[in-house]
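S.K.: My questions concern the predicted model and sequence given below.
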Amino acid sequence: MSQQYSIQRELAPLAGRVKVKAAGMLVVASCTIAGCTVGPDYVRPTMQSPAGYKETEGWKVAQPQDAIARGKWWEMYGDFELNALMAQVQIANLNVAQAEAAYRQARAVAQAARAAYFPTLAIGASITRSAQSTTLGRALPSQIGTVTDYLLPLDLTWELDLWGRVRRNVESQQANAQASAADYENIQLSAQAELAQDYFLLRALDTQKQLLDASAAAFDKSLQLTKNRYAGGVASRADVAQAETQLRTTQAQAIDVTVQRAQLEHAIAILIGRSPSEFTLPPATLAALPPAVPAGVPSTLLERRPDIAAAERRVAAANAQIGVAIAAYYPTVTLGASFGFETADAARWLEWPSHFWSIGPSISETVFDGGLRRSQTAQARAIYDQNVAFYRQTVLTGFREVEDNVAALRILEQEAQVQAEAVKSAEESVSLTTNQYKAGIVSYLNVVVSQTSALNNQVTAVNIQNRRLAASVLLIKALGGGWDATMLPDANALSRTSDASVPVAAQKGSGGK
């Protein structure tokens, strides 16, 4: 009994060591079969968002809060001509076309990265005639002469992704493709916003031209009246000169407006992919008013702007590249297999006795590279830090743009109200001064001053209206134009090749976040 107990005491440590070794071998085997992914897992960079926008204080918030149109935000302005032009931006704008092609390219790169998951299979055939030198001492008599070698090999090579290098690279390329999708949306939104601003400015110039033409017609009548009074001895020659100067100056201003209008018309033609010589926009007055745009809370901006989404996706791509760089420290395991037929007799080329095969793994590890892998890892980490800083800067810029345009809308609305009163007073002053001049109470200089003041105030009112419209467009752009991050294509959409040219907005997904 004591002897048996003694034997058990001696065998216990050995059994423990066997269990430990078995557990270790099980871990290694599991790691080999399932693989492990090296490098840091992605965590979205933190960004502190304020509770609200400072400039919204005293600003009338839109009701309901979702008043902004989803997608076709320009329809809120109620301008059918603008709607027709906007429809051509996505179809014909060349910058948008470049961005769409860049997205398809990034998507193809992501699909190419996925190909590394699978083995490579190659087949070939060769017929070789050869003869060995007869002066070689080691040559056997049977080897002397001409030999024909018929070879038909089938080779398979598969690099096992034990350390996650392929997985991290696929993760990186998919994030890059999502960033490219967001770039596409951002460029399209920028083109739409630029078109809206150019269109409203062109209509403001049309309105100014109409005001100047109407004023020129009124000034021409005043000139005729002054000439008649001069002929009757009531007015002086100086009054006639002042009236004529005012008329010619106004006519010159009306002509000058057409220069900028022509340039804006050309710019709009380029935005819709047309040649300026083939595009004409008939004149019309500026009738649109700024719509009520809800700014929301700053935290939602992170999901509503495509440029912020693009910057965040590039952070994810850079993070995955760190894992790719770290995986280079680990050995590469490749599984190779070969099968085929080889013979010296063409008639027996494909017979079963002529077959050959081989299979086996290989492993390689870089033992010295002069610091190459360390430098590549440091580079990947620096690129990640750079993208994080760019992402945070993009978020801050977004906050600033919203604040800027909310402030502009709030202040310009107050200015428009005061300017409307100024226009009303100036028009009343023209009427009173003209009657006083006809009664001989004041000189014609007073009439010129009052008419010029009225015209300047009318033009200023039009410019304020245009600035309000431009600020509303820029606010909508700053808020993402109704876009949000759920419109990014997910990993499943990126892995499909059949719909590579489908517009990004039509591919709903989780954004891969």
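M.R.: The structure has been received and is ready for your questions. Values in this document were obtained by computation on a predicted structure and should not be read as measured data.

S.K.: Just list the residues touching the nearest residue to residue 202 once chain neighbours are set aside, thanks.
M.R.: Spatial nearest neighbour of residue 202, excluding adjacent residues (CB to CB, 6 or more residues apart in numbering): residue 264 at 4.3 Å. C-beta coordinates here come from the backbone N, C-alpha and C atoms, glycine included. If you count contacts by CB atoms under 8 Å, 6 or more residues apart in numbering, residue 264 has them with 198, 201-202, 205.

S.K.: what do you get if the cut-off is 7 Å, keeping everything else the same?
M.R.: Applying CB atoms under 7 Å, 6 or more residues apart in numbering, we find residue 264 in contact with 198, 201-202.

S.K.: Which single one of those is nearest to residue 462?
M.R.: Taking CB to CB as the measure, residue 462 lies nearest residue 201 of the contacts of residue 264, at 10.5 Å.

S.K.: next structured bit after whichever helix or strand the closest one is part of?
M.R.: Following DSSP states H and E, one finds residue 201 within helix 165-231. Per DSSP H and E, the first helix or strand lying C-terminal to helix 165-231 is helix 237-271.

S.K.: Hmm, residue 289 and residue 76 touching each other?
M.R.: No - the pair residue 76 / residue 289 is not scored as a contact, 10.1 Å apart, by CB atoms under 7 Å.

S.K.: Please say which of those two ends up with more neighbours.
M.R.: A direct count of neighbours by other CB atoms under 10 Å for residue 76 and residue 289 places residue 76 higher, at 17 against 13.

S.K.: Now do the same for the more buried one: helix, strand or coil?
M.R.: Three-state assignment for residue 76 (DSSP: H, G, I helix; E, B strand; the rest coil): helix.

S.K.: And for it, nearest residue in space, chain neighbours not counted?
M.R.: That would be residue 291: by CB to CB, 6+ apart, it lies 4.0 Å from residue 76.

S.K.: quick one, longest strand in the chain?
M.R.: Determined from DSSP state E, the single longest strand within the chain is strand 146-159.

S.K.: returning to that earlier point: is the residue nearest to residue 76 in contact with residue 471, as I believe?
M.R.: No - counting by CB under 7 Å, residue 291 stays clear of residue 471, with 11.6 Å between them.

S.K.: neighbour-wise, which of the two wins?
M.R.: Neighbour comparison, residue 291 and residue 471: the larger count goes to residue 471, with 23 against 19 (by other CB under 10 Å).

S.K.: which residue ranges form the helices in the protein?
M.R.: 2-34, 80-92, 94-114, 165-231, 237-271, 301-304, 306-327, 372-438, 444-478, 491-495 (DSSP state H).

S.K.: any chance of those helices in CSV, with distance to residue 148 and mean pLDDT too?
M.R.: What follows is these, written out as CSV (distance: least, CB to CB, whole Å; pLDDT from 0 to 100):
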stretch, distance to residue 148, mean pLDDT
helix 2-34, 44, 40
helix 80-92, 62, 93
helix 94-114, 40, 94
helix 165-231, 42, 94
helix 237-271, 67, 94
helix 301-304, 69, 87
helix 306-327, 46, 96
helix 372-438, 46, 94
helix 444-478, 73, 93
helix 491-495, 47, 79
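
S.K.: Identify whichever of those lies nearest to residue 351.
M.R.: helix 2-34 (38.3 Å).

S.K.: Phi first, then psi, for the residue nearest to residue 76.
M.R.: Per-residue torsions, residue 291: phi -80, psi 160 (degrees, to the nearest 10).

S.K.: ok, it - contacts?
M.R.: By CB under 7 Å, 6+ apart, the residues touching residue 291 are 76-77, 472.

S.K.: how much space is there between it and residue 197?
M.R.: 15 Å (CB to CB, to the nearest Å).

S.K.: ok, now residue 296?
M.R.: Taken as CB to CB, the span from residue 296 to residue 197 is 22 Å.

S.K.: what do you get for residue 484?
M.R.: 23 Å.

S.K.: Tell me which of these two has more neighbours.
M.R.: residue 197 (19 against 15).

S.K.: hang on, that one packs against residue 471?
M.R.: No - using CB under 7 Å, residue 197 is not in contact with residue 471; the gap is 9.8 Å.

S.K.: Tell me which residue is most central in the chain.
M.R.: The C-alpha lying nearest the average C-alpha coordinate of the chain belongs to residue 183 (CA atoms, centre = their mean; 1.4 Å).

S.K.: Just list the residues touching residue 206, thanks.
M.R.: So residue 206 contacts 261, 283-286 (CB under 7 Å, 6+ apart).

S.K.: Buried ones among the residues you listed?
M.R.: Among those, the ones that count as buried by 16 or more other CB atoms under 10 Å are 261, 286.

S.K.: Straight-line length of stretch 341-358, end to end?
M.R.: One end of stretch 341-358 sits 12 Å from the other (CA to CA, to the nearest Å).

S.K.: now do stretch 287-298
M.R.: End residues of stretch 287-298 are separated by 32 Å (CA to CA).

S.K.: Sort out which residues of it are buried, please.
M.R.: The neighbour-count check on stretch 287-298 (16+ other CB under 10 Å) flags 288, 290-291, 293, 295-296, 298 as buried.

S.K.: go on, stretch 209-224?
M.R.: Quick answer for stretch 209-224 (16+ other CB under 10 Å): 209-212, 215-216, 218-220, 222-223.

S.K.: Which member of those residues is positioned nearest residue 389?
M.R.: Nearest member of the buried residues of stretch 209-224 to residue 389, counting by CB to CB, is residue 209, at 47.8 Å.

S.K.: I'd guessed the closest one sits against residue 257; true?
M.R.: Yes - Residue 209 is in contact with residue 257 according to CB under 7 Å; the separation is 4.9 Å.

S.K.: can you list contacts of stretch 187-204?
M.R.: With contact meaning CB under 7 Å, 6+ apart, stretch 187-204 is reached by 74, 82, 85-86, 89-90, 93, 95-96, 99, 261, 264-265, 267-268, 271, 281, 284-286, 288, 306, 462-463, 465-466, 469-470, 473-474, 477, 481, 483.

S.K.: Which residue, neighbours along the chain excluded, lies closest to residue 280?
M.R.: Closest to residue 280 by CB to CB, 6+ apart is residue 265, at 7.2 Å.

S.K.: Around the one you found, how many other residues sit close by?
M.R.: Per other CB under 10 Å, the neighbour tally for residue 265 reads 18.

S.K.: How much space separates it from residue 285?
M.R.: Note on residue 265: its distance to residue 285, by CB to CB, is 16 Å.

S.K.: Residue 294 now?
M.R.: Going from residue 294 to residue 285 by CB to CB gives 28 Å.

S.K.: Not counting sequence-adjacent ones, nearest residue to residue 74?
M.R.: Distances taken as CB to CB, 6+ apart place residue 86 nearest to residue 74, at 5.0 Å, with adjacent residues excluded.

S.K.: The one you found: what's it in contact with?
M.R.: 74, 192, 195.

S.K.: who wins for proximity to residue 334 among the helices of the chain?
M.R.: helix 165-231 (12.5 Å).

S.K.: and the angle from that closest one to helix 306-327?
M.R.: For helix 165-231 against helix 306-327, the angle between stretch directions is 160 degrees (axes from the mean of the first three to the mean of the last three CA atoms, to 10 degrees).
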